[in-house]
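Asks: Have a look at this fold, sequence not included:
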């Protein structure tokens, strides 16, 4: 793993690829060793927010996490919570079919 400054507090990565997923996951899991001061991680993930009167099943894809499978995304999210790292997620509007 490449050396990162231990004083790093905010990390933003654009266009994450499948090949980078293991490195990102290892970085967060080993936060205290590599980047103990990390507070926020931004991978440009997003979530679709539907109107309250429109129900969607949880099995449908509501999150967009480029480069990550659903399982990898959930695991990274849990690791961030466990390590005290805030994951930035952008809220998006749904397709027009759900507009009021």
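Replies: Done, it's in. Being a predicted model, the structure only gives us computed values, none of them experimental.
Asks: Tell me which residues are up against stretch 9-17.
Replies: 20, 24, 35, 37-44, 66-68 (CB atoms under 8 Å, 6 or more residues apart in numbering). No exception for glycine: its C-beta is placed from N, CA and C like everyone else's.
Asks: which of the residues you listed sit farthest apart?
Replies: With CB to CB as the measure, no two of these lie farther apart than 37 and 66, at 26.1 Å.
Asks: And the two? Which one has more around it.
Replies: Higher neighbour count among residue 37 and residue 66: residue 66, with 14 against 11, using other CB atoms under 10 Å.
Asks: any idea where the helices of the protein begin and end?
Replies: 21-29, 31-34, 70-83 (DSSP state H).
Asks: Can you say which of those is packed in most?
Replies: Highest mean neighbour count of the helices of the chain: helix 21-29, a mean of 17 (counted as mean count of other CB atoms under 10 Å).
Asks: That one - what's its average pLDDT?
Replies: Helix 21-29 shows a mean pLDDT of 93.
Asks: follow-up on the earlier one: which of the contacts of stretch 9-17 fall within strands?
Replies: 40, 41, 42, 43, 44 (DSSP state E).
Asks: of all the contacts of stretch 9-17, which comes closest to residue 7?
Replies: Of all the contacts of stretch 9-17, residue 37 has the smallest distance to residue 7: 5.7 Å, by CB to CB.
Asks: What is the neighbour count of the nearest residue to that closest one once chain neighbours are set aside?
Replies: The shortest distance from residue 37 to any non-neighbouring residue, by CB to CB, 6 or more residues apart in numbering, is to residue 9 (5.1 Å). Neighbourhood size, residue 9 [other CB under 10 Å]: 10.
Asks: residues in contact with residue 47?
Replies: 62, 63, 64, 89, 90, 91, 92.
Asks: who does the worst-scoring helix or strand of the chain on mean pLDDT touch, helix- and strand-wise?
Replies: The helix or strand of the chain with the lowest confidence, counting by mean pLDDT, DSSP states H and E, is strand 63-64 at a mean of 74. Helices and strands in packing contact with strand 63-64 are listed as strand 40-48; criterion 3 or more CB pairs under 8 Å, 6 or more residues apart in numbering; DSSP states H and E.
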